[in-house]
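[1] Only the shape, not the letters, is given here:
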């Protein structure tokens, strides 16, 4: 699918009105809808006549009779083709649902633009939401503001909003598995629309939904829209206040983690933007929390956790499995290695790669992109920590030998795509056990050392002991050096990375 129109900023002359052939534009056909002409997008967008996309039909509230002549639509990369967007009723229904949610939430009011203020533009963004198997589960449409034209300190102040780190989520899941707790997943619908704004913000009327007879007016925002710079902060403040009203206490070290109650009635809630992970021993407590939150926000109850930020989750009586099999396969396809031969270890023993190689330079953009993708895979594949960190040293100027080492990692992933972490049910008590190791000046370029630390949760005797771990017992070896096949596979199993059913 094309990602932009014809030559940038060059409009295409509309053909004669024919039912099967309509005009399309690389820039807006008129200037009335864009209040930010001094701030253009980096890449031209497609602009399609509304009838091409959805056919004739009524619009909610803002429009009394029909849509305006032109509908500005930012076509997302997730669409298979422009023709799919033009023909799909699902996109139309998702669009009407988005406008309905915004108006029901009393996000804005129609006003005249005051002197000294400017209205920022809006645009539509389309996204396909998929499940852990890559199947389409939702046609998602968002009306977003061109927030990049706003200036911090003038148009807004704070923008930061905390989320639960993946490390904290894994710890919480390990605790849940240990005690046999249930873990459920909820999603806040149109979450950012709930954030209340402290600033005075005006936006243009939504493309395709201009109020008849009031085309010259703008909308004053009372609540946030997606892509406003302060929207994440406003939403998080609203959610934080709501959770405190429900009796939750924020963790002092992890501001995306909340807790309520004690003993059997204890509930943990992890927050990642609009995703809530709820875990506790009593199913009744979890259900009670769901009822409470549904009174505050529009929520989607996704049931027991099965998929979270690209990580597939399977809960059972023996424990909780985490893996990224679909992501690993997608990574191989990205590198054009979906049909490569598998290998048993991700790196040769004692590699001596250097930044000062003499072989030809390879595509640095591809190399860096693969490193970034591998780093996300580390959330469930800790045995790759050393090799990914090692190859990250050469991102400035990767050469053929570095790419060859990268391909060995991908070949290893080919044979272990169904590997992941398994957190077992361990009884009543928790014990924190850690292993650390370091090599000695292992970097051939600057003689820096590599240190690795790994922790386990189990039964807790109430104290901490420091002991020497011999070579055969040093589990952190896998984090600081490349190992032979036998040692590597043994340590993989001992740190919880196993082949999952």
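    Looks like it came in fine. Note that the coordinates shown come from a computational prediction; the quantities given were computed from them, not determined experimentally. Residues are numbered from 1 along each chain as shown.
[2] what bits of the stretch 51-200 of the chain have low per-residue confidence?
    51-87, 132, 147-159 (pLDDT under 70).
[3] what's the answer for the chain, then?
    Across the chain, the ranges flagged by pLDDT under 70 are 1-87, 132, 147-159, 427-428, 458-477, 479, 481.
[4] Determine which residue lies closest to the centroid of it.
    With distances taken as Cα atoms, centre = their mean, the residue of the chain nearest its centroid is residue 309 (5.5 Å).
[5] ok, and the closest non-adjacent residue to it?
    residue 272 (6.8 Å; Cβ to Cβ, 6 or more residues apart in numbering). (Each C-beta comes from the backbone N, C-alpha and C, glycine too.)
[6] burial measure for that neighbour, as a count.
    By other Cβ atoms under 10 Å, 16 other residues sit near residue 272.
[7] what's the distance between the residue nearest to residue 188 when sequence neighbours are not counted and residue 285?
    Distance criterion Cβ to Cβ, 6+ apart; nearest residue to residue 188, sequence neighbours excluded, is residue 274 at 4.2 Å. According to Cβ to Cβ, to the nearest Å, residue 274 and residue 285 sit 22 Å apart.
[8] quick one: terminal-to-terminal distance for stretch 385-401?
    20 Å (Cα to Cα, to the nearest Å).
[9] what does that stretch rub up against?
    Stretch 385-401 is contacted from outside by 346-347, 351, 353, 355, 357, 359-362, 364, 367-368, 371, 374-375, 378, 402, 405-406, 409, 443, 445, 450, 452, 478-482, using Cβ atoms under 8 Å, 6 or more residues apart in numbering.
[10] ok, of those, which come out buried?
    346-347, 351, 353, 362, 367, 371, 374, 402, 405-406, 409, 450, 452, 478-482 (16 or more other Cβ atoms under 10 Å).
[11] so where do the strands sit in the stretch 101-250 of the chain?
    Under the criterion DSSP state E, counting those that start in this stretch, the stretch 101-250 of the chain contains strands at 108-111, 122-130, 136-145, 182-188, 196-203, 218-223, 249-250.
[12] For residue 162, find the nearest of those strands.
    Residue 162 lies closest to strand 249-250 among these, at 9.1 Å (Cβ to Cβ).
[13] and the next element down the chain from that closest one?
    Next in sequence after strand 249-250, counting helices and strands by DSSP states H and E, comes strand 257-260.
[14] Now name the helix or strand holding residue 368.
    Taking DSSP H and E as the definition, residue 368 sits inside helix 364-377.
[15] what packs against that helix?
    In terms of contacts (3 or more Cβ pairs under 8 Å, 6 or more residues apart in numbering; DSSP states H and E), helix 364-377 is packed against helix 325-334, helix 385-392, helix 400-415.
[16] That one vs helix 325-334, what angle?
    Angle of helix 364-377 versus helix 325-334, following axes from the mean of the first three to the mean of the last three Cα atoms, to 10 degrees, is 170 degrees.
[17] chain center to helix 364-377: distance?
    With Cα atoms, centre = their mean, to the nearest Å as the basis, helix 364-377 stands 16 Å off its chain's centre.
[18] per the record, what domains does the chain have?
    24-161+192-231, 166-190+234-322, 335-499 (automatic domain parsing).
[19] measure the second one end to end?
    When you say that, I think you mean domain 166-190+234-322. End-to-end distance for domain 166-190+234-322: 12 Å, by Cα to Cα.
[20] Is there a neighbour count for residue 397? I'd like the number.
    13.
[21] what about it, which SS state?
    Here residue 397 is recorded as coil under DSSP: H, G, I helix; E, B strand; the rest coil.
[22] Tell me the spacing between it and residue 358.
    Relative to residue 358, and taking Cβ to Cβ, residue 397 is found at 12 Å.
[23] I'm done for today, thanks for sticking with me.
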